[in-house]
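Asks: Next input, structure requested:
(2 chains)
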Protein chains: 2
Amino acid sequence: MSSAANSFLDAERLDRADVLRGFRGRFYGVDDDVIYLDGNSLGRLPVESLDRLDDVVRQGWGHGLVRSWEGWIEWPAAVGDLLGSTLLGAAAGQVGISDSTSVNVYKLACAALDLHPSRRTLVTDTGNFPSDRYIFEGLASARGLRLVELDADPVHGVSLAEVERVIDSDTALVSLSHVDYRSGALADLEGITAATHQAGAPVLWDLCHSVGAVPIGLDAAGVDFAAGCTYKYLNAGPGAPAFAYVRRDLQAQTRQPIWGWFGQQAQFDMGPRYHPVEGIERFLVGTPQVLGIALVEQGVRLLGEARIERLRAKGIALTSYLIELADEWLVPLGFEVATPREPARRGSHVSLKHADADRISVALIEQARVIPDFRRPDLVRLGCSPLTTSFVDVHEAMRRIRDLVSSERHREIDLGARRVT
Amino acid sequence: MSSAANSFLDAERLDRADVLRGFRGRFYGVDDDVIYLDGNSLGRLPVESLDRLDDVVRQGWGHGLVRSWEGWIEWPAAVGDLLGSTLLGAAAGQVGISDSTSVNVYKLACAALDLHPSRRTLVTDTGNFPSDRYIFEGLASARGLRLVELDADPVHGVSLAEVERVIDSDTALVSLSHVDYRSGALADLEGITAATHQAGAPVLWDLCHSVGAVPIGLDAAGVDFAAGCTYKYLNAGPGAPAFAYVRRDLQAQTRQPIWGWFGQQAQFDMGPRYHPVEGIERFLVGTPQVLGIALVEQGVRLLGEARIERLRAKGIALTSYLIELADEWLVPLGFEVATPREPARRGSHVSLKHADADRISVALIEQARVIPDFRRPDLVRLGCSPLTTSFVDVHEAMRRIRDLVSSERHREIDLGARRVT
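Replies: The predicted structure follows:
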């Protein structure tokens, strides 16, 4: 792309050559006058999901009523299988759709910690997503464990070497995010998993910011536990249910702490004692979120049709283009690229560091019709969702950021009057 | 009603006199050729919820995208307040909408058990809903507690006297269902709560089968903790999020075990340590189920418009009528009424005991277009949802049960080929 990168024609050419360009039109609201670079927080609404939702609501709930449970009851595991084979590199019987990511992280961490009760250290990093860190803090407090939080490089994230330095025979669990929610750094899932196993401990990966954007091979890497959300790249909607992966050979020996009836053998016998089912369903708890699971299925089908290799290639192309424009236009204005420059070391979003990141983020939304995400204290986070973000989107957004910041209009924003999330 | 009860004209007269009759037409599918007596398992779809869902999906998610979180983030507590004031007798700031009932029961039970760690007994009953019992079994196992399961009368449920006999200075928690999911027996919430407090312990009430059908006064009774679901009488749809109540003066001294980011102060600061918010939101965990909460709000608004006193009066009238017909028509055919006959001692469903209950339930659905619920081993459970069940529904369903069983057609059902849930 080189020096022609700052040409609008160049962005149009990249869009024309994009094999995934046809998918954009299958999302609702893409013609709105707004450039959306936060699909990694809340993915867009697939048009086909409207019909699916309508069918589940009117036919399934409205007409089928309680009889529809005959089919619905299979969905947590069936859609889990679909997600596993499409995006997680997971054979059938290892993924369930349920609860929120946070609840799943809790359940899986408890199950993992119970594997080696004599081991007393839980390893994570200070850059891990807050909900994960708080959950581990709570578990460490409740169980009297030592919580080791690696203080990794804010741009490059946790390295294999850093993990290797702290794990030993006291390590009960290593849990990290596959893609860092701030910098976008992609962790060495295979290497860290292998090293942790070498130390005799299981891993729990948070896949929220990688699923649907980066190929994942849970089975191949021998991952023990994983969880993630479905409302980012999977486009399943706000608060859609999350997923949990437990490697098949671990299932019989692990239990989760919340002994709900959807994990019970012959559930409708309603027997006196809890006997968890053999499979992944033992990690289910309460009544499944039927509408949400249907939307997860729709999202996964769409990504399956696009194919993860092509999504990954486009994600790299979009973020590379964005970084190139940032270097040319924004670094001179005081921005720093706070995401790994090597494509293989990042997911599908890029963070730009700037002392006025908060004001810039608000001004972009209110004055420039660009929706980024602000991450405290100083990051403007820009998500490139391969199915819905175009190269023209990236070009135009970067131009608007350049024009905004060079004109210093963002300095007029009064943050006191706003809640910046 | 007396001897005229078996007349269809009588049922029509009761419907004409029903002040809530206008609500039935505001539900989807009520004109389908089926008599639905399982609204206490999955409530019907309110027509207005279709528009609400469409608005949340298209406008909120599709166009608003991540910006809509500005409003959505308030929903768990705001809709909790609405539910609290409308149906729970709870002042603002004590109810949150989140997770499933089972996850909420787990969180609240942990919080309750932490109040008096030296007390080592958890009291429930064998007739409590299985998911609750399994969760308590898991907690008892994890914490080394003694689990006392009262073996209450299967028709009349747990009495105050039975609870009083087992509670003492070792009691850490008493948890029961307000309305028994099988018999429909209504527990003495006020008396049991007061007696448990007398013994120095907190209570946790499961309100799944009472909320929306029976007036509940949590604040007045001084209840400590309560949870329940929204997909039965609240008509919020399959797998809709549940609610959790924690009495205001207990909130500061209680913590739940799952330290998720939606319970965190200044959540978007994403700070290093977990500091739970002051209010009920400390019992939230992960990202709220936006679509589901919108449907909860719609359901609660509808019930608020109907008013709980009128819903209760109609529920009593419907179940009384049903019992009267059962006595006349079904008891001679081998049925027993397995629900308290005194209206003040039951919720809004009636169970009929019969040795062939399983075959009868299947035959009703497949041959008679009546949808009851089967509860092992021998109950046909018939729910009277005050907003959607008519007296003609009850009359016609009872007539079809009579005709089916008197003809013995249900005996031809081959259960081996079916999963009876």
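Asks: so the residue nearest to A:His63 when sequence neighbours are not counted is in which element?
Replies: Using CB to CB, 6 or more residues apart in numbering or on different chains and skipping residues adjacent in sequence, the residue nearest A:His63 is B:Gly29, 5.0 Å away. No exception for glycine: its C-beta is placed from N, CA and C like everyone else's. Using DSSP states H and E, B:Gly29 sits in no helix or strand.
Asks: Would you tell me which residues of the stretch 151-300 of chain A are close to chain B?
Replies: A:229, A:231, A:237-242, A:257-262, A:264, A:267-274, A:285-293 (CB under 8 Å from any CB of the partner chain).
Asks: Can you say which of the residues you listed are buried?
Replies: Among those, those that count as buried by neighbour count (16 or more other CB atoms under 10 Å in any protein chain shown) are A:229, A:231, A:237-242, A:257-262, A:264, A:267, A:270, A:274, A:285-293.
Asks: any idea how far A:Leu322 lies from B:Gly304?
Replies: Taking CB to CB, to the nearest Å as the measure, A:Leu322 and B:Gly304 are separated by 49 Å.
Asks: show me what contacts the residue lying farthest from the centre of chain A?
Replies: Computed with CA atoms, centre = their mean, the maximum C-alpha offset from the centroid of chain A is found at A:Pro272, amounting to 38.6 Å. When the contact criterion is CB atoms under 8 Å, 6 or more residues apart in numbering or on different chains, the partners of A:Pro272 are B:Thr126, B:Arg133.
Asks: What pLDDT does the model give it?
Replies: As summarised for this prediction, A:Pro272 has a pLDDT of 93.
Asks: And it, how close does it get to B:Thr124?
Replies: Using CB to CB, we find A:Pro272 at a distance of 12 Å from B:Thr124.
Asks: Would you mind listing the residues touching both of these two?
Replies: Here A:Pro272 and B:Thr124 share the contacting residues B:Arg133, scored by CB under 8 Å, 6+ apart.
Asks: A:Asp378 - nearest residue in space that isn't next to it in sequence?
Replies: In space, and not counting its chain neighbours, A:Asp378 is closest to A:Ala357: 4.6 Å by CB to CB, 6+ apart.
Asks: Let me know the secondary structure of the residue of the stretch 201-350 of chain A found nearest chain B.
Replies: As assessed by CB to the nearest CB, chain B sits closest to A:Gly286 within the stretch 201-350 of chain A, at 2.6 Å. Here A:Gly286 takes the coil state, with states given by DSSP: H, G, I helix; E, B strand; the rest coil.
Asks: Any figure for the gap between it and B:Thr230?
Replies: Counting by CB to CB - A:Gly286 and B:Thr230 are separated by 12 Å.
Asks: shared neighbours of those two, which are they?
Replies: Shared contacts of A:Gly286 and B:Thr230, defined by CB under 8 Å, 6+ apart, are found at B:Ala242.
Asks: one step back: so what pLDDT did the residue nearest to A:Asp378 get?
Replies: For A:Ala357, the model assigns a pLDDT of 97.
Asks: list the contacts for it?
Replies: Neighbour list for A:Ala357: A:Phe374, A:Arg375, A:Pro377, A:Asp378, A:Leu379, A:Val380 [criterion: CB under 8 Å, 6+ apart].
Asks: okay, those residues in a markdown table with pLDDT next?
Replies: Formatted as a markdown table, the contacts of A:Ala357 follow (pLDDT from 0 to 100):
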| residue | pLDDT |
| --- | --- |
| A:Phe374 | 95 |
| A:Arg375 | 94 |
| A:Pro377 | 93 |
| A:Asp378 | 96 |
| A:Leu379 | 98 |
| A:Val380 | 98 |
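Asks: So how do I select the buried members of the residues you listed in ChimeraX?
Replies: Provided next is the ChimeraX selection string for whichever of the contacts of A:Ala357 are buried by 16+ other CB under 10 Å:
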select /A:374,375,378,379,380
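Asks: Closest to chain B out of the contacts of A:Ala357?
Replies: Set against chain B, the nearest of these by CB to the nearest CB is A:Arg375 (7.7 Å).
Asks: Burial check on whatever residue of the stretch 1-150 of chain A ends up closest to chain B, number of neighbours?
Replies: Across the stretch 1-150 of chain A, the shortest distance to chain B (CB to the nearest CB) belongs to A:Ser100, at 2.7 Å. For A:Ser100, the neighbour count with other CB atoms under 10 Å in any protein chain shown is 29.
Asks: Tell me who's in contact with the spatially closest residue to it that is not a sequence neighbour.
Replies: The shortest distance from A:Ser100 to any residue that is not its chain neighbour, by CB to CB, 6+ apart, is 2.7 Å, and that residue is B:Gly286. For B:Gly286, the contact set (CB under 8 Å, 6+ apart) comprises A:Asp99, A:Ser100, A:Thr101, A:Ser102, A:Val103, A:Ser131, A:Ala242, B:Gly260, B:Trp261, B:Phe262.
Asks: As a check, name the ranges of all strands in the stretch 251-400 of chain A.
Replies: Ranges of strands in the stretch 251-400 of chain A, per DSSP state E, counting those that start in this stretch, are A:336-337, A:349-353, A:370-371, A:373-375, A:379-383.
Asks: Please state the offset of the third one from the chain centre?
Replies: If I follow you right, that is strand A:370-371. Between the centre of strand A:370-371 and the centre of its chain there are 20 Å (CA atoms, centre = their mean, to the nearest Å).
Asks: again with the fourth one
Replies: What separates the centre of strand A:373-375 from the centre of its chain is 15 Å, taken as CA atoms, centre = their mean.
Asks: Show me what that strand pairs with in its sheet, parallel or antiparallel.
Replies: Sheet neighbours of strand A:373-375, with direction, are listed as strand A:379-383 (antiparallel) (DSSP bridges).
Asks: Okay, angle between the partner strand and strand A:349-353 too, please.
Replies: Compare the direction of strand A:379-383 with that of strand A:349-353 by axes from the mean of the first three to the mean of the last three CA atoms, to 10 degrees and you get 160 degrees.
Asks: Residues contacting strand A:379-383, please?
Replies: Among residues not part of strand A:379-383, those counted as contacts by CB under 8 Å, 6+ apart are A:37-41, A:182, A:184, A:322, A:335, A:338, A:348-354, A:357, A:360-361, A:364, A:372-375, A:389, A:397, A:401.
Asks: Around the closest residue in space to A:Leu147 that isn't next to it in sequence, how many other residues sit close by?
Replies: Across the structure, with CB to CB, 6+ apart as the measure, the residue nearest A:Leu147 apart from its sequence neighbours is A:Ala140 (4.1 Å). By other CB under 10 Å, 19 other residues sit near A:Ala140.
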